[in-house]
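Asker: here is my input; please provide its structure:
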Amino acid sequence: MTDEPLPVSAERLRKTFPDLTDEDLLAYETITRRLLGTGKDRARKVREVLDLGKKAADLPSPTGEDLLALRYFRAVAKMQGPSRR
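Answerer: Numbering: from 1, shown residues only. Down below sits the predicted model:
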C-alpha cells in the first residue's frame, strides 16, 4: 500500500457521482491505494481486481477480499456512466 494521494479525492467523486455510497468510496480508496504501489503491473492488477469483483457478484455471500473487490467493481461501474454499464 502507498501513502500517495488518490488520483481523485473521495469528496470530488461524491460530488460527481452522488450514487456512490460510503462503502463504494471505502472500496475505491482501499483498492486504489493498493494499486498505486504496483508500478508497471498496475493494469494487470486492475483487471484482476475487476475480474474478482465480477465473479464475487455471483457468490451467495462474498466476504473478505471477494467482498472488497465486489464493492470496488460496483463503485467503478457507478463512475462509468449509463452508456458503459
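Asker: need the contact list for the residue nearest to the spatial centre of the chain.
Answerer: Relative to the mean C-alpha position of the chain, the nearest C-alpha, by C-alpha atoms, centre = their mean, is the one of Tyr72, at 2.7 Å. Shown in contact with Tyr72 (C-beta atoms under 8 Å, 6 or more residues apart in numbering): 27-28, 30-31, 49-50, 53. Using the backbone N, CA and C atoms, a C-beta is placed for each residue, glycine as well.
Asker: what about it, helix or strand, and which?
Answerer: Assessed by DSSP states H and E, Tyr72 sits inside helix 64-80.
Asker: and Leu25, by the same measure?
Answerer: helix 22-36.
Asker: and that helix, what other elements does it pack with?
Answerer: Helix 22-36 is packed against helix 10-16, helix 42-56, helix 64-80, with contacts defined by 3 or more C-beta pairs under 8 Å, 6 or more residues apart in numbering; DSSP states H and E.
Asker: columns mean pLDDT on top of the ones you listed, output as JSON lines?
Answerer: Shown next, in JSON lines, are the helices and strands packed on helix 22-36 (pLDDT from 0 to 100):
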{"stretch": "helix 10-16", "mean pLDDT": "94"}
{"stretch": "helix 42-56", "mean pLDDT": "96"}
{"stretch": "helix 64-80", "mean pLDDT": "96"}
